[in-house]
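Trainee: coords please:
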Amino acid sequence: MIKVVLENLTNLNPLPPQGTILIIGLLHPQDGSGSPVSVLALMQ
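Mentor: Numbers count the residues shown, from 1 in each chain. Presented below is the predicted three-dimensional model:
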């Protein structure tokens, strides 16, 4: 099971609370506990 914790996301206020889809691109570190991610917001 993969557990993802996103920290320090900013400028989310312009996104509508409903109808927004977040796509999270993450790396799978072999021996680490963290990794940078790319976050893309799709608004309907």
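
Trainee: Show me the shaky parts of this structure.
Mentor: Flagging of the chain using pLDDT under 70 yields the residue ranges 1-2.

Trainee: let's see 90
Mentor: Applying pLDDT under 90 to the chain flags residues 1-7, 17, 26-37, 44.

Trainee: Looking at it, name the residue that lies furthest from the middle.
Mentor: For the chain, the C-alpha farthest from the mean C-alpha position belongs to D31; by Cα atoms, centre = their mean, that distance is 20.9 Å.

Trainee: secondary structure element for it?
Mentor: Assigned by DSSP states H and E, D31 belongs to neither a helix nor a strand.

Trainee: Show me the strands in this structure, by range?
Mentor: For the chain, the strands defined by DSSP state E cover 20-26, 37-43.

Trainee: TSV for the ones you listed, including mean neighbour count?
Mentor: C-beta coordinates here come from the backbone N, C-alpha and C atoms, glycine included. Formatted as TSV, these follow (neighbours: other Cβ atoms under 10 Å):
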stretch	mean neighbour count
strand 20-26	11
strand 37-43	11
